[in-house]
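Q: Sequence and predicted structure below; questions after.
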Amino acid sequence: MILAVLGLLALQAPASITIATARGEDAVEVRTDVTGAPMLAASGLVSALGGSVRISGSWAEVAIGRQPFRFLLGAPFYSYNDRVQPLAAGATLIHDTLYLPLQLATEALPRLFAKQYRYDAENARLVEAGAPAVAARPASDVSPSASAAPTVRDDASRLPSGILPGHLVTIDPGHGGVDPGNPGMFFPRGVREKDVTLQIGLLVRDELKRRGVAVRMTRTTDTLIALGDRGAYCSDGCDLFLSIHINSLPRRPGYTAARGFETYFLAEAKTEDARRVARMENDAVRFETETVASNPTGGLDFILKDLQLNEHLRESALLAERVQDNLDRVHTGTNRGVKQAGFMVLTTARRPAILAELGYSTNPEDGRFLTSSAGQRQLAVALADAVVAYLHEYERRAGSADSGRGG
Ligand SMILES: [Zn+2]
């Protein structure tokens with residue numbers, strides 16, 4: 001579906017678009033990135049619509065009009081109002097100039113700000129409210145050579161799941177032992193978060209093995225592994241780290257209504273709710289007897305800075321997207337999106353690392369879904385398929401040569 005849309009976009013991409021505002025008209029050239037996706041110079045958009053462009057580490061911060069957008073360079077999404085939305089291509093630097101997917105002007109802006117922007121595809125015009133009406137000009141050029149369909153090498157050594165053999169993934173069932181996690185308000189009597197994360201974690205392991213992916217578990221029994229030690233399970237030869245948790249809310253009016261799933265990658269928390277979830281999960285350190293408990297966020301700032309300059313952040317965000325998309329296909333609750341926050345458990349992983357909150361134990365429907373064998377199996381299949389899809393994309397991006405390593 002996404003590939004079909006992408007192909008269509010590339011096929012129909014005009015050579016330039018016109019941006020019409022009350023202040024006048026600007027033509028902004030469309031060029032293609034290495035994948036053939038049509039792109040616009042951010043400076044062209046901003047000079048026509050107002051705003052600013054700033055590159056900060058791996059992020060591009062672009063104000064369009066007065067609206068702040070964030071782009072992780074190379075990652076096919078944008079972040080607006082702390083919500084991550086997919087794009088057909090990623091923002092990219094070409095000779096120090098920031099290029100954004102054309103889709104931003106043709107789809108995202110008109111959808112987000114329907115009163116302010118309208119895209120006239122026939123005439124390749126992005127029209128801001130208040131722009132004077134102008135006679136239509138002839139349809140723009142089509143660039144027939146552009147093809148966005150990625151080529152996948154047909155490789156006899158691929159597994160039936162489509163990926164190369166040799167992948168290793170770490171699954172981290174949250175909490176354990178003296179740390180029960182949240183009490184599981186709508187779980188069957190005596191079942192706590194630590195039990196459900198382990199049940200689902202073990203199912204994910206089985207599903208991944210079935211797909212030819214080796215799995216290392218941080219725990220397979222009801223034991224406590226220190227937060228600071230969990231990431232170390234994903235070191236040499238490990239492709240990624242997936243931590244599994246169940247969300248809950250403190251007692252307050254209407255708190256049992258919140259439900260659904262969200263996936264976090266490690267970065268500075270952007271919203272109060274993301275900070276709340278990180279605080280709750282980081283609180284597990286109080287069950288640990290080692291000195292780490294005295295300094296629960298020790299080193300986090302340093303590691304954050306390190307990570308921001310580092311491709312694991314980008315890969316983690318892509319992995320989180322894949323996981324969130326796949327959970328959306330099976331989960332009965334709300335898709336709460338990909339989010340970012342400072343989870344201690346993720347700071348020590350030196351590989352792409354994400355934390356999935358699979359639902360709320362404080363919601364009756366989520367509670368049932370998370371503890372039913374059918375629900376758990378569906379979640380495990382969705383997570384395993386997401387991991388395989390991510391690994392497949394990673395192989396495609398990295399070139400399959402260096403992805404078949406043993407581990
Ligand atoms: Zn948890």
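A: It's in. If you're wondering where the values come from, they're calculated on a predicted model, not measured in any experiment.
Q: Bridged to residue 27, which residues?
A: Legend: beta-bridge partners of residue 27 under DSSP bridges are residue 18.
Q: Quick check: it touching residue 14?
A: No. Distance between residue 27 and residue 14: 10.2 Å, which falls outside the contact criterion (Cβ atoms under 8 Å). C-beta here means a position set from N, CA and C on the backbone, and glycine is covered the same way.
Q: neighbour-wise, which of the two wins?
A: Remark: of residue 27 and residue 14, residue 14 carries more neighbours, 20 against 14, as counted by other Cβ atoms under 10 Å.
Q: That one and residue 102, how far apart?
A: According to Cβ to Cβ, to the nearest Å, residue 14 stands 8 Å off from residue 102.
Q: How many residues are close by residue 127?
A: Counted with other Cβ under 10 Å, residue 127 comes out at 21.
Q: residues in contact with it?
A: Residue 127 sits next to 20, 117-120 when contact means Cβ atoms under 8 Å, 6 or more residues apart in numbering.
Q: Buried ones among those?
A: 20, 117-119 (16 or more other Cβ atoms under 10 Å).
Q: right, and out of these, which lies closest to the ion?
A: Proximity of those to the ion (Cβ to the ion) peaks at residue 117, which lies at 41.0 Å.
Q: Residues of the stretch 101-250 of the chain that sit close to the ion?
A: Selection of the stretch 101-250 of the chain residues close to the ion by Cβ under 5 Å from the ion yields 174, 181, 245.
Q: Compare those and tell me which is most surrounded.
A: Ranked by neighbour count under the definition other Cβ under 10 Å, these are headed by residue 174 with 30 neighbours.
Q: My understanding was that that residue contacts residue 194; is that so?
A: Yes. In this structure, residue 174 is within contact of residue 194 by Cβ under 8 Å, at 7.0 Å.
Q: hey, what's in contact with both of those two?
A: Applying Cβ under 8 Å, 6+ apart, one finds that residue 174 and residue 194 are jointly contacted by residue 181.
Q: tell me which element the residue of the stretch 151-300 of the chain found nearest the ion falls in.
A: Relative to the ion, the nearest point of the stretch 151-300 of the chain is residue 245 (3.4 Å; Cβ to the ion). Secondary structure here is read from DSSP states H and E; on that basis residue 245 sits in strand 240-247.
Q: name the element the closest residue to residue 207 other than its chain neighbours belongs to?
A: Taking Cβ to Cβ, 6 or more residues apart in numbering as the measure, residue 207 lies nearest to residue 384, with 3.5 Å between them; neighbours along the chain are not counted. With elements delineated by DSSP H and E, residue 384 resides in helix 373-398, which encompasses its position.
Q: so that helix versus strand 240-247, what angle?
A: Using axes from the mean of the first three to the mean of the last three Cα atoms, to 10 degrees, one finds that helix 373-398 and strand 240-247 are set 150 degrees apart in direction.
Q: roughly how far is helix 373-398 from the heart of the chain?
A: Here the centre of helix 373-398 is set off from its chain's centre by 13 Å, with Cα atoms, centre = their mean, to the nearest Å.
Q: and that helix, average pLDDT?
A: Taken as a whole, helix 373-398 has a mean pLDDT of 95.
Q: tell me which residues in it are buried?
A: 375-376, 378-395.
Q: just stretch 253-271 next, same as before
A: Per 16+ other Cβ under 10 Å, stretch 253-271 contains these buried residues: 256, 258-267, 269-270.
Q: so what pLDDT did the most centrally placed residue in the chain get?
A: By Cα atoms, centre = their mean, the chain has its centre lying nearest to residue 321, at 3.0 Å. In this prediction, residue 321 carries a pLDDT score of 95.
Q: which SS class is it?
A: Under the three-state scheme (DSSP: H, G, I helix; E, B strand; the rest coil), residue 321 adopts helix.
Q: check contacts around it.
A: The neighbours of residue 321, taking Cβ under 8 Å, 6+ apart as the test, are 76-77, 84, 86, 263, 338.
Q: Can you select the buried ones among those for me in PyMOL?
A: Here is the PyMOL selection string for the buried members of these, based on 16+ other Cβ under 10 Å:
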select buried, resi 76+77+84+263+338
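Q: From the contacts of residue 321, which land in helices?
A: The helices, defined by DSSP state H, take in nothing from the contacts of residue 321.
Q: Among the contacts of residue 321, which ones are in strands?
A: When the contacts of residue 321 are checked against strands using DSSP state E, the ones located there are 77, 84, 86, 263, 338.
Q: Quick check: of those, which lies closest to residue 327?
A: residue 263 (7.4 Å; Cβ to Cβ).
Q: thinking again about what came up before, what do residue 14 and residue 102 both touch?
A: Shared contacts of residue 14 and residue 102, defined by Cβ under 8 Å, 6+ apart, are found at residue 30.
Q: The ones in strands among the contacts of residue 321 also near the ion: which ones?
A: Restricting the ones in strands among the contacts of residue 321 to those near the ion - Cβ under 5 Å from the ion - leaves none.
Q: Widest-spaced pair of the residues you listed?
A: Of all pairs drawn from those, the widest gap by Cβ to Cβ lies between 86 and 263 and measures 13.4 Å.
Q: I'd say residue 216 and residue 234 touch.
A: Yes. Under the criterion of Cβ under 8 Å, residue 216 lies in contact with residue 234, with a separation of 7.3 Å.
Q: which residues are in contact with both of those two?
A: If you check residue 216 and residue 234 against Cβ under 8 Å, 6+ apart, the residues they both contact are residue 170.
Q: higher neighbour count, these two?
A: The residue with the greater number of neighbours, taking residue 216 and residue 234 and applying other Cβ under 10 Å, is residue 234; the counts read 25 against 17.
Q: could you check the distance from that one over to residue 353?
A: With distances defined as Cβ to Cβ, the gap from residue 234 to residue 353 amounts to 7 Å.
Q: Could you do residue 165 as well?
A: With the distance defined as Cβ to Cβ, residue 165 ends up 23 Å from residue 353.
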